[in-house]
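A.B. asks: just to be clear, the model below is a prediction. Sequence and coordinates:
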Amino acid sequence: MSWLTSDNPEHRLLDESRSTRSMLWIMAIMLFLTTLAAALGLSMASASAALDRQLAGRLTIQLVEADAARRDAAARTIVQRVKALGQVSRVAEVDRTRLAELLQPWLGDAGLDAELPMPAMIDVDLTSGDPAAVAAVTRAAQAVAPAARVDRHAQWLSPVAVFLTTITLFAAALVLLMALATTAVVLLAARAGLDMHRDTIAVLHMLGSTDRQVARLFQRRIALDTFLGGALGTAVALGIVWLLGRQAGTLGSELLSGVALDRSDWSMLGAIPLIFALMAMISARAGVLRALGQTL
């Protein structure tokens with residue numbers, strides 16, 4: 001990082017540390033927004049992956065039969081046959097009392113009536129979401145009760161998965177847009193710096209400085225502003241993300257628990273100021289060299 005902190009006198013030729021640099025604050029705001037967008041994308045990607053892991057191998061077998069005795073016998077047989085399959089890690093019939101409690105908000109006290117016909121529900125966890133395993137469970141269930149229906153939990157929540165993927169793509173597009181906007185700001189700042197220091201640059205050229213040496217002055221200045229401003233904006237954004245993550249963790253939601261960022265996600269977010277500083281340095285160098293080649 002010596003290119004950012006060097007005390008070489010030539011690096012102070014274009015330094016304006018005596019006044020507040022608007023560039024620094026602009027970069028702080030832009031990288032604050034960029035970090036929030038990146039955190040949103042990473043958290044939604046994590047939530048989508050967690051949802052896939054949780055639901056890929058989960059099934060529910062529904063058995064509708066008006067005769068309670070036949071229904072219960074068929075349910076027990078299905079549980080035994082499905083449990084014997086090698087792809088199944090867990091199978092259990094859902095408690096009827098629990099089903100009645102779930103129906104009570106819609107049926108009132110009638111939902112708790114023991115005489116009320118109620119389908120048998122069997123939860124199945126597979127070792128993987130392989131379609132062949134799902135087909136095997138379906139065959140085993142329908143061999144006992146042809147009317148049995150096998151539902152995949154992933155199908156029920158597929159709109160949620162699509163929504164999470166859409167948010168992830170939107171966040172990625174926003175990060176890309178902010179990167180392009182940062183490049184535009186850097187080029188404008190470099191052009192403004194050239195106009196402001198045109199006399200100084202002319203003297204440097206008369207003293208034998210090359211365009212590359214002049215460009216090095218600008219790239220160092222702009223990279224420093226981008227890094228310092230970006231570090232400030234990113235630090236504030238990371239603090240907000242951390243607070244939101246803690247609040248989400250206290251809600252006890254299985255889906256929201258997947259939103260939490262892991263160590264690699266935090267590392268990527270923390271590297272944003274350095275990445276943008278390098279991008280600003282390259283953009284400033286290219287812009288200054290092009291402008292000097294056209295005007296000087």
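C.D. replies: Received the coordinates, thanks.
A.B. asks: could you use CA atoms for every contact and neighbour count after this?
C.D. replies: Fine.
A.B. asks: show the pLDDT at the spatially most central residue of the chain.
C.D. replies: With distances taken as Cα atoms, centre = their mean, residue 42 lies nearest the centre of the chain, 2.0 Å away. Residue 42 is assigned 92 on the pLDDT scale.
A.B. asks: which element is it on?
C.D. replies: Per DSSP states H and E: residue 42 is located in helix 22-55.
A.B. asks: mind checking how far that helix is from the chain centre?
C.D. replies: Using Cα atoms, centre = their mean, to the nearest Å, the distance from the centre of helix 22-55 to the centre of the chain it belongs to is 6 Å.
A.B. asks: CA atoms of the helix or strand following that helix as CSV?
C.D. replies: In the C-terminal direction, the helix or strand that comes right after helix 22-55 (DSSP H and E) is strand 58-63. The C-alpha trace of strand 58-63 is given here as CSV (Å, rounded to 0.1, in the frame of the first residue of the first chain):
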residue,chain,number,x,y,z
ARG,A,58,-38.6,-33.0,1.7
LEU,A,59,-41.9,-34.6,0.6
THR,A,60,-45.4,-34.9,2.0
ILE,A,61,-47.6,-37.9,1.1
GLN,A,62,-51.3,-37.1,1.3
LEU,A,63,-53.8,-39.9,1.6
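A.B. asks: other SSEs contacting strand 58-63?
C.D. replies: strand 120-126, strand 149-152, helix 153-156 (3 or more Cα pairs under 8 Å, 6 or more residues apart in numbering; DSSP states H and E).
A.B. asks: quick one on the thing from earlier: check the gap between the residue nearest to the centre of the chain and residue 168 for me.
C.D. replies: Applying Cα to Cα, to the nearest Å, the value for residue 42 to residue 168 is 7 Å.
A.B. asks: do residue 174 as well
C.D. replies: Residue 174 is 10 Å from residue 168, where distance means Cα to Cα.
A.B. asks: also residue 212?
C.D. replies: 40 Å.
A.B. asks: so which of those two has more stuff around it?
C.D. replies: Higher neighbour count among residue 212 and residue 168: residue 168, with 24 against 13, using other Cα atoms under 10 Å.
A.B. asks: can you point out the buried residues in the helix or strand harbouring that one?
C.D. replies: Residue 168 belongs to helix 158-196 when elements are defined using DSSP H and E. Using 16 or more other Cα atoms under 10 Å as the test for burial, helix 158-196 gives 161, 164-165, 167-168, 171-172, 174-175, 178-179, 182-183, 185-187, 189-191, 194.
A.B. asks: next: stretch 145-154.
C.D. replies: 145, 148, 150, 151, 152, 153, 154.
A.B. asks: please apply the same query to stretch 61-81.
C.D. replies: So for stretch 61-81, counting by 16+ other Cα under 10 Å, buried means 61-65, 68, 71-72, 74-75, 77-79.
A.B. asks: ok, of these, which one's closest to residue 262?
C.D. replies: residue 61 (34.9 Å; Cα to Cα).
A.B. asks: wait, what's in contact with that closest one?
C.D. replies: With contact taken as Cα atoms under 8 Å, 6 or more residues apart in numbering, residue 61 is in contact with 120, 121, 122, 123, 124, 141, 148, 149, 150, 151.
A.B. asks: gap between the third one and residue 155?
C.D. replies: If I follow you right, that is residue 122. Applying Cα to Cα to residue 122 and residue 155 gives a distance of 17 Å.
A.B. asks: which one's more surrounded, those two?
C.D. replies: residue 122 (20 against 13).
A.B. asks: okay, and the beta partners of that one?
C.D. replies: residue 61, residue 93 (DSSP bridges).
A.B. asks: hmm, residue 95 and it touching each other?
C.D. replies: No: at 9.2 Å, residue 122 does not count as touching residue 95 under the criterion of Cα atoms under 8 Å.
A.B. asks: low-confidence stretches in this protein?
C.D. replies: 1-21, 106-116, 195, 197, 199-202, 204-205, 208-211, 251-258, 295-296 (pLDDT under 70).
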